[in-house]
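Enquirer: Here is a sequence with its predicted model. Questions after.
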Amino acid sequence: MTAWQVPLADVQVPEDDIAAVVETYRSGWLSMGPRTQALEAAFAEYTGARHAFGVANGTAALHLICMAAELGPGDEVVVPSMTFVASVNAIAYTGATPVFAEIAGLTEPWLAADAVNAAVTSRTKAIMTVAYGGHPGETAALKALADRRGMLLLEDAAHAAGARSGGRHLGTIGAAGAFSFFSNKNLAVGEGGAVTTDDDDLAERLRLLRSHGMTTLTWDRHRGHASTYDVVALGFNYRIDEPRAALATQRLQRLDEENRRRHRLDARYRERLAGVEGVEPTQAPPTGDGEVPSHHLFTVVLDPEIDRDALRQRLAEQGIQTSLHYPAAHRFSIYADSGAELPLTDAYSARAVTLPLFAHMTDEQLDLVVQAVAEAVPATARA
């Protein structure tokens with residue numbers, strides 16, 4: 001394993017977190033139970049959602065909101081290509097057709113409302129928006145478009161734990177939101193996620209689909225609240241377990257503080273990179289009243305003449321880890337027949353680099369990254 005001087009992301013697990021997980025194991029109850037209920041109550045309160053459900057991972061969360069929305073064959077869902085492929089796959093799992101739409105700009109890598117509007121047909125049932133990097137993007141405009149055209153807005157809020165737009169937490173603006181607690185996320189437990197909704201009918205479908213379509217759960221029967229169960233839907237085993245629920249509840253208490261640190265680091269990156277030619281950060285997230293980004297990623301766009309692979313290799317040689325978020329989904333073989341023409345998405349996918357960002361990153365680490373980038377740019381420019 002490479003010993004990075006500056007890893008792309010990093011997770012600290014303090015003793016209080018470990019103690020919460022150890023206590024769960026000592027309790028003898030490891031499947032979905034009281035700690036999951038505590039997480040769901042805390043996450044609902046934190047996000048302002050009427051309902052929150054802990055789930056096995058972010059992909060399960062996405063699949064559940066698509067299933068609960070009753071997507072199926074014959075339906076179309078407009079989705080960005082600039083996303084992790086799970087956003088798109090979750091639509092396809094239901095038999096519905098993903099329809100790719102363009103991003104807002106080369107430094108605005110989130111779904112553009114105008115592009116979505118142009119992609120809508122008589123078969124369009126929903127829009128799947130993605131809070132890229134924890135940025136609200138055009139969520140408000142997409143919600144207005146969905147309402148005006150009689151469609152559902154589904155939110156991939158995997159990057160958005162702690163992010164708000166118009167005073168509302170992302171993931172609660174549309175019909176339902178899907179969150180990820182993967183190990184590189186702001187609220188990290190390894191694997192895990194959550195679903196939020198204010199719709200009681202959607203909530204009931206989500207509850208059933210999460211656990212095999214069963215009318216009661218093991219924890220209900222253990223407490224004597226039920227003696228048997230019926231199966232009323234073709235559901236899945238998408239439950240989160242108790243240790244991860246306990247860890248997520250513990251870490252949720254520190255999320256706002258850690259996101260504020262990310263905000264400060266984001267600002268420092270922008271200040272330090274301002275004098276580096278050939279490197280442009282994606283648009284600064286809004287921070288006005290009611291606008292709170294989560295700063296999950298820090299991405300930059302390179303000038304076309306810079307060899308991105310060579311630049312990343314030079315940084316890696318200095319112990320600095322980088323990544324690409326993301327290869328454009330419409331270019332994957334599985335979606336090659338989509339026919340999508342997305343020049344901005346293609347350009348961003350070819351020129352963007354994700355630089356390290358995590359809550360306990362030091363100023364010295366950040367300055368090391370910026371210095372390495374500044375030195376690598378002229379050395380990797382194509383003749």
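Expert: Received the coordinates, thanks. Numbering: from 1, shown residues only.
Enquirer: Any regions of the chain where pLDDT drops low?
Expert: 1-2, 217-227, 287 (pLDDT under 70).
Enquirer: Quick one: the strands in it, in order.
Expert: Taking DSSP state E to define them, one finds strands in the chain at 51-55, 76-80, 97-101, 103-105, 108-111, 124-130, 152-156, 164-165, 168-169, 176-180, 193-197, 279-281, 298-302, 352-355.
Enquirer: so can I have a markdown table of the ones you listed showing mean neighbour count and distance to residue 252?
Expert: From N, CA and C alone the C-beta is placed, and that goes for glycine too. What follows is these, written out as a markdown table (neighbours: other Cβ atoms under 10 Å; distance: least, Cβ to Cβ, whole Å):
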| stretch | mean neighbour count | distance to residue 252 |
| --- | --- | --- |
| strand 51-55 | 26 | 11 |
| strand 76-80 | 27 | 27 |
| strand 97-101 | 23 | 31 |
| strand 103-105 | 21 | 30 |
| strand 108-111 | 25 | 25 |
| strand 124-130 | 26 | 22 |
| strand 152-156 | 26 | 19 |
| strand 164-165 | 22 | 15 |
| strand 168-169 | 20 | 12 |
| strand 176-180 | 31 | 11 |
| strand 193-197 | 30 | 10 |
| strand 279-281 | 18 | 29 |
| strand 298-302 | 21 | 23 |
| strand 352-355 | 22 | 25 |
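Enquirer: Now distance to residue 244 too, for those strands, in TSV please.
Expert: Shown next, in TSV, are these (distance: least, Cβ to Cβ, whole Å):
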stretch	distance to residue 244
strand 51-55	8
strand 76-80	28
strand 97-101	29
strand 103-105	33
strand 108-111	29
strand 124-130	24
strand 152-156	20
strand 164-165	25
strand 168-169	21
strand 176-180	12
strand 193-197	10
strand 279-281	33
strand 298-302	27
strand 352-355	25
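Enquirer: which residues does the residue nearest to residue 357 when sequence neighbours are not counted form a beta bridge with?
Expert: The shortest distance from residue 357 to any non-neighbouring residue, by Cβ to Cβ, 6 or more residues apart in numbering, is to residue 298 (4.3 Å). Residues in a beta bridge with residue 298, per DSSP bridges, are residue 355.
Enquirer: how about the strands of the chain, which one is nearest residue 341?
Expert: Of all those, it is strand 97-101 that lies closest to residue 341, at 9.2 Å by Cβ to Cβ.
Enquirer: Tell me the spacing between residue 154 and residue 213.
Expert: According to Cβ to Cβ, to the nearest Å, residue 154 and residue 213 sit 21 Å apart.
Enquirer: Would you enumerate the residues in contact with residue 307?
Expert: For residue 307, the contact set (Cβ atoms under 8 Å, 6 or more residues apart in numbering) comprises 380-382.
Enquirer: could you redo the last one with a cut-off of 6 Å?
Expert: Listed by Cβ atoms under 6 Å, 6 or more residues apart in numbering, the contact partners of residue 307 are 380, 382.
Enquirer: do the same with residue 342
Expert: Applying Cβ under 6 Å, 6+ apart to residue 342 gives the contacts 81, 102.
Enquirer: please redo it, this time with the cut-off set to 7 Å
Expert: By Cβ atoms under 7 Å, 6 or more residues apart in numbering, the residues touching residue 342 are 81, 100, 102, 328, 330.
Enquirer: out of those, which is most surrounded?
Expert: Sorting the contacts of residue 342 by how many neighbours each has (other Cβ atoms under 10 Å) puts residue 81 first, at 29 neighbours.
Enquirer: how near is the closest residue to residue 123 other than its chain neighbours to residue 68?
Expert: Of all residues not flanking residue 123 in the chain, residue 76 sits nearest, at 4.5 Å (Cβ to Cβ, 6+ apart). Taking Cβ to Cβ as the measure, residue 76 falls 18 Å from residue 68.
Enquirer: What is the burial count for the closest residue to residue 262 other than its chain neighbours?
Expert: Nearest residue to residue 262 in three dimensions, chain neighbours excluded: residue 295, at 3.7 Å (Cβ to Cβ, 6+ apart). Applying other Cβ under 10 Å, we find 27 residues neighbouring residue 295.
Enquirer: Got phi/psi on residue 295?
Expert: In terms of degrees, to the nearest 10, the main-chain angles of residue 295 are phi 50, psi 50.
Enquirer: swap in residue 362?
Expert: As for residue 362, its main-chain torsions (degrees, to the nearest 10) stand at phi -90, psi 160.
Enquirer: Please tell me I have it right and residue 162 contacts residue 186.
Expert: Yes. Residue 162 is within contact range of residue 186, at 6.1 Å (criterion: Cβ atoms under 7 Å).
Enquirer: what touches both of these two?
Expert: Counting by Cβ under 7 Å, 6+ apart, the contacts common to residue 162 and residue 186 are 255, 259, 294.
Enquirer: Let's see if you can find the most crowded of the residues you listed.
Expert: The member of the shared contacts of residue 162 and residue 186 that has the most neighbours, counting by other Cβ under 10 Å, is residue 294 with 29 neighbours.
Enquirer: can you pull the contacts of the nearest residue to residue 133 once chain neighbours are set aside?
Expert: Excluding its sequence neighbours, the residue lying closest to residue 133 (Cβ to Cβ, 6+ apart) is residue 297, at 3.8 Å. The contact partners of residue 297, taken as Cβ under 7 Å, 6+ apart, are 133, 159, 325, 354, 357.
Enquirer: So which of those residues is surrounded by the most neighbours?
Expert: Neighbour counts for the contacts of residue 297 (other Cβ under 10 Å) peak at residue 159, which has 27 neighbours.
Enquirer: Nearest spatial neighbour of it, chain-adjacent residues omitted?
Expert: Nearest residue to residue 159, sequence neighbours excluded (Cβ to Cβ, 6+ apart): residue 296, at 4.0 Å.
Enquirer: so that neighbour makes contact with residue 132?
Expert: No. Residue 296 is not in contact with residue 132 according to Cβ under 7 Å; the separation is 8.7 Å.
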